[in-house]
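> my questions are about this predicted structure, shown below with the sequence.
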Amino acid sequence: MKRYETVYDVMVIGAGFAGMAATLFAAERGLSVAQAGATGGIDFSTGFLDLMAVHPVAEGRYWDSPWDAVDAVIRDVPGHPYARLGKECIRTALDDFTTFLASQKLEYLGHADRNTPVFSPAGTVKRTFRVPRTAWKGTEALRDKAPTIIVDFHGLKGFSGPQIVEMQKQQWPDLKTARLAFPGSIGELYPEHMAWTLSAPERCAELAKAVAEHARNVEYIGFPAVLGLNDPVRTVSLLEELTGRHVFEIPTLPPSITGPRLRATFDRGLAPRGVCTFSQKMVLNARRADDGLFSFQIGAAGDVRTVRARNAILASGRFFGKGLLAHRDGVIEPIFNIPVTQPSSRTQWHTERFFARQGNALNLSGIEVDDRQRPLGTNGAVLHDNLFAAGAILAHHDWMRMKCGAGIAIATAYHAVRSMIDSGSKG
Amino acid sequence: MKYAYFPGCKIAHHLPDYGTSVRSLCTALGITLVPLEFSCCGWPVRHENAVASVFSAVRNFAVAARAGLSIVTPCKCCFGNLKYAQARMASDAGLAAEVGNLLGREGLPLPDRVEVLHLLNVLDRDIGADRLRERTVRPLHGLKVACHYGCHALRPGNVTEFDDPLAPTVFERILTAVGATTVEWDLRLECCGNPLRGRDDTISDALMRKKRENARAAGADVLATGCTYCQMQFAAPSGEEKTHPAPDAILFTQLLEAALGLAPAPCAMPDGTTEAR
Amino acid sequence: MTVFRLLLVSAVCLCLAGIIRRYARRLSGSALPRQDRSRGRTPWQITHILLHLPVTLITDVLLLRRTLRTSPYRWVMHALTLSGFTGLLLFHALDDVVSRPFIAGYESTLDPWQWLRNLLGGLVVAGCLMALVRRLRTRGLRPATRLQDWLFMGMVAGIVLSGFALEATKIISPNVFNRMTDTYFVPESDADIPALQAFWSARNGVRFSPPAGTDAELIARGAELHADNCSYCHADTSSAFLSRALATAISPAADALNAAQTDAFFWFLHVGLALAGLALLPYGKFLHPVATPLNLVLRNRRHDAATIPDTATAARLGFEACTRCGECSLHCSVAPHFAAMGNPNILPSEKLVSLRKHAAGALDTSAINALAEGSRICTECMRCTDICPSGINLQDLWLSSKQALRQQALDGPNTTIRQCTATQWAEVLRTQGASRFEQVRGNGLADRAESFWGCVQCTTCTSVCPVVAVSEAPAKDLDLTPQQIMNLLRMGLKDQTLAARMVWSCTTCYKCQEHCPQNIQVADILFELRQIATERLRERDLTACPLPGPSAPARAPMDNALPHPAPKGSSGDPA
């Protein structure tokens, strides 16, 4: 395997949403791509693709139109990553992204200009832009307040039918719940294992039979998101056929399989596009030669290899993905040592209320980039003309509270790849 | 193409067909397998004693280094443990010193890094799918194969460097080259259960059964293996198999042999040219 | 020769007694191969063996084909010893039975017999020297060399060397000369004896005191007398080329040696050693000259693990055909494990010895544990069986002895651990404290805080674990899930995790480690926990949970079924 000898057109650092998206867009444009870095939060994803839903976070104001929300946030927060992109770029990026997913049996649905209310794992309703097909009928049930039963299972943590019903019963009287024994199990359950089990049609039949008596008077059946691993639509269709009801999934709390499904889809789809993935290998440091060629040390202490590339896209995320490290004396970016915009002192990392709605300035930390997604140095000048950045590592956004994580990741990745190709840096 | 051949302990008595098949395939493809007297790869004793496991592996590197050859093995557990030993030697100075000491007592020098490859890697790298396609005289058209990857070659990916640990492709690349159709299945990268054979047979059986059922549900005619232990596991008689007919496990080298016209087909072929071995 | 008869009869009796004792012992030996081997006992197999008998006899028994496969050195060594010793046995030791009745005019002191005897003896000595050099110079052979190997080598060499010494001291001895002349020579004049002495002294090396005359005329007279009286039975001693050379070498001390009647001493030594060898025949390596050829014939030139004929006798014969050449241990796939762990039972040749002793009920607890460990570590690669110059079907022996040990729940920590619950073991292991292994090597992954710093208890490891996936009720079946184990370890509660079913039923697929978002080496840590627990049990000779556990009742009758007393030391006995 010549994985280490090749000089790649681009090295994507990070394997979360942004890293995956950057890899996909670069590969689709015919570049040779290497990808390394931690998977970060993608394993913990609900599977929904948020574009923009909450602004300002301090007020917790929800927007029906993500595009209006984008306009508002650009107006109020000029440094926000969306400010550099333009709606067309965002729209194309998301379309390309979901087209790819659909080609890999993970179809997404949603409205052109409107957020869709969906169930969160906790039973609350949030708004998101794109929803996996397997969860889509849940949004219809929610919209119509149709007679629906939420099924949960003995032994499954992180998903509670009664909790969802409790949250919804005021406005949705026809919502009920039932707790069943999962086929072939009497102990605690984990979503991935349940998904394994349900990829067997016999098990689906057992499940359908167990559900039947509770589902006589309903139109919809909601399950925790455990319905199959790599081809959930098949499992959902099978259950619909067996029960004669509409079936949908509601994401569970992590570790769910909605995240691993996304990642597996990328793993499946990127390899045929010639992408060289160094899974779970961390990029330890980078060196840039005078002619611009990057050499990356990847791996772990004791087993370090070098990978070279003509361009790099830094999509290593924030703290969980280890794109940013919180040291005693401040936040740093460990690979290129890019200056990090952050609260001026450590005391500002803390507030009295952990769940304070407005969030914390620390969660707006990140690196600064120019209009072409190139990180800036201390003097405000572009650091390297062939280094680009995308995703959560960018400063001036609180994706978790603004509900804009996937959108920022995908759109900035798209813009970074486009800028890279436009600048024609030896690509 | 010349390699030190590391068959591993189990082939001689427990799976001689694999040995025969590997040799015949390599001879036909111009890969020279040099037999050296290797010791155990260290995998079976790894549950009990890390030093014994790593030393046994490193001793093999010394033997291969003396012959100036890279190691190729058809067993994924041997492959995995040899790679693991290299990683441990690089990361654990205390252990490395202990192992160096033991080697010294045998009068062997601590070898430089010796290249260790699984046969699939060698076929992929040195022969390539294109040449396999050219050499195919009886393509396995219509045969639906579920590739069983085997854990110890895949993971931990940073240690084994066999292929992408989350999305490997090498097995499918080799088998589609000779005309087979590979199926997508959920449990492709899961464990066959052999490591628990004799340790916890209930779980071992359950893991194997689940894999087979999943391969069958995915429409596979056969399940291809590239590992001595995995094949032994799937070939072990199990009472429940009668009621749940599942795809037979076939050694990938035997499939290649059949396609290259070196041996009769190891399984019933879809076009009816059944030639049971 | 009443003394000789007495010794001979005693030796034969001892030998017979040994054989009877050996075979009369009940063969229900726990570690011996299965007794019920009726399945393959067909007449055709016997016929098959008989058909091939001539070829097998020539290639395997006489030409030592299998020995040649090990190394040319060993073949030369063994061929020299075997041909020399067999020749001596047939034509010299058994000359009353073989040589005299069948060879007209045979006299041991006539040529070519006298010359031949020296030649054969020389071959044996050369063979023994080569064996000595091999034992001393082959590194891997040292651990496979025991007292009985030195004893056997010393005995063979001793018999032949004492024979040479006997012959040499007889050559120089005037007493022997006198005895002969007294018995067979009737002198016609007083000058005859001095003449004969002068001739034997000059020609054949007898050292008289005072020295015989050296006058040429006297010697010529002696030569005539010799030709008339002695030469019918006596060739020149120079044809006994080795003994004569030895006689010349020791002749300066001839007077003292003759005065001390050393020839008589060497007679006793030579005969004594030979008869001791006979008496020892049923024991250990001494039986191999009988058992090995028989086994080679039965094995019918096979190198695999097929047992044909599949009878207990055939299996037992294999048990005894071991020449302790150590080739199996030199080529053993797990010999490096021995180097690292120091348990000789890992080496096939030494395991065979323990297995014999175990069958005789002569092993104590720790020796049984060592045997069990050695058996368990064998990877069944069949190399010992393929290489064995005696054609022993070791593979079959290991397979069945492993099975037997397993039936006695002596197949290692994996079985031992499962005899009690994780909680019970945690109590036991906590009380006993860390093992020497942990104290010396220590500071592994499981003991280092850094290993778990990153753990956020996200349960990814558990949720990807296929073992958790297939167990119906993980909390009950597995005690702990992977992420719970990581959590206990970071709280410093290692003892709580050591016997968890999750640790022992880990299928080592490494998914947990591959998927951990924080790069924690989950699977490596589980490996380490098994290694730590193994070392703790090993150091304390624990092969059963000392507390009454869930499967303890099932184990008691097994122990009673052992042919030997239950192992000493209460730690090994749940009852």
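Yes, it's here.
> touching chain B at all, the helix or strand C:L355 falls within?
Element membership of C:L355 [criterion: DSSP states H and E] is helix C:348-359. No: on the criterion CB under 8 Å from any CB of the partner chain, helix C:348-359 is out of touch with chain B, staying 13.2 Å away. C-beta here means a position set from N, CA and C on the backbone, and glycine is covered the same way.
> from chain C, which residue is nearest to chain A?
C:A473 (3.0 Å; CB to the nearest CB).
> still on that earlier bit, show me how far the helix holding C:L355 is from its chain's centre.
With CA atoms, centre = their mean, to the nearest Å as the basis, helix C:348-359 stands 9 Å off its chain's centre.
> next secondary structure after that helix?
Sequence order places helix C:365-377 as the next helix or strand after helix C:348-359, per DSSP H and E.
> tilt between that next one and helix C:348-359?
130 degrees (axes from the mean of the first three to the mean of the last three CA atoms, to 10 degrees).
> helix C:365-377 packs against which elements?
Helix C:365-377 is packed against helix C:335-341, helix C:348-359, helix C:394-407, with contacts defined by 3 or more CB pairs under 8 Å, 6 or more residues apart in numbering or on different chains; DSSP states H and E.
> name the nearest residue to residue 243, sequence neighbours excluded.
By default, I'm working from chain A. Of all residues not flanking A:T243 in the chain, A:A208 sits nearest, at 5.1 Å (CB to CB, 6 or more residues apart in numbering or on different chains).
> wait, I meant chain C there
Using CB to CB, 6+ apart, the closest residue to C:S243 is C:E167 (3.6 Å).
> the one you found reaches C:A245, doesn't it?
No: between C:E167 and C:A245 there is no contact, the gap being 10.8 Å when judged by CB atoms under 8 Å.
> circling back: now for the residue of chain C closest to chain A, how many residues are close by?
Close neighbours of C:A473, defined as other CB atoms under 10 Å in any protein chain shown, add up to 12.
> quick check: the residue lying closest to it once chain neighbours are set aside vs chain B, distance?
Once flanking residues are discounted, C:A473 sits nearest to A:G187: 3.0 Å by CB to CB, 6+ apart. Per CB to the nearest CB, to the nearest Å, A:G187 is found 14 Å from chain B.
> and for A:G187, the neighbour number?
Using other CB under 10 Å, the number of residues around A:G187 comes to 16.
> need the pLDDT of it.
Per-residue pLDDT puts A:G187 at 85.
> could you verify that it is part of a helix?
No: assigned with DSSP: H, G, I helix; E, B strand; the rest coil, A:G187 falls outside any helix and is coil.
> which residues touch the spatially most central residue of chain C?
The centroid of chain C falls nearest to C:R324 when counting by CA atoms, centre = their mean (3.3 Å). Going by CB atoms under 8 Å, 6 or more residues apart in numbering or on different chains, C:R324 touches C:A144, C:R146, C:Q148, C:D149, C:F152, C:G284, C:K285, C:H288, C:S349.
> please convert these to JSON lines, extending it with pLDDT, secondary structure and neighbour count.
JSON lines is the format used below for the contacts of C:R324 (pLDDT from 0 to 100; DSSP: H, G, I helix; E, B strand; the rest coil; neighbours: other CB atoms under 10 Å in any protein chain shown):
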{"residue": "C:A144", "pLDDT": "91", "secondary structure": "helix", "neighbour count": "25"}
{"residue": "C:R146", "pLDDT": "92", "secondary structure": "coil", "neighbour count": "17"}
{"residue": "C:Q148", "pLDDT": "91", "secondary structure": "helix", "neighbour count": "16"}
{"residue": "C:D149", "pLDDT": "93", "secondary structure": "helix", "neighbour count": "20"}
{"residue": "C:F152", "pLDDT": "95", "secondary structure": "helix", "neighbour count": "22"}
{"residue": "C:G284", "pLDDT": "84", "secondary structure": "helix", "neighbour count": "18"}
{"residue": "C:K285", "pLDDT": "90", "secondary structure": "helix", "neighbour count": "20"}
{"residue": "C:H288", "pLDDT": "92", "secondary structure": "helix", "neighbour count": "19"}
{"residue": "C:S349", "pLDDT": "95", "secondary structure": "helix", "neighbour count": "26"}
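> low-confidence ranges in chain C?
Applying pLDDT under 70 to chain C flags residues C:1, C:25-42, C:307-311, C:441-443, C:549-575.
> before we move on, the earlier item: SS state for the residue nearest to the centre of chain C?
At C:R324 the chain is in coil, as set by three-state DSSP.
> then the longest strand along chain A to CSV, C-alphas only?
In chain A, taking DSSP state E as the definition, the longest strand is strand A:303-314. C-alpha atoms of strand A:303-314 as CSV (Å, rounded to 0.1, in the frame of the first residue of the first chain):
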residue,chain,number,x,y,z
ASP,A,303,4.2,4.9,15.7
VAL,A,304,4.4,8.1,13.7
ARG,A,305,4.2,8.3,10.0
THR,A,306,4.5,11.2,7.6
VAL,A,307,1.9,12.1,5.0
ARG,A,308,2.5,14.9,2.5
ALA,A,309,0.0,17.2,0.7
ARG,A,310,0.0,20.3,-1.4
ASN,A,311,-2.9,21.9,0.4
ALA,A,312,-4.6,21.4,3.8
ILE,A,313,-8.0,21.9,5.2
LEU,A,314,-8.2,22.2,8.9
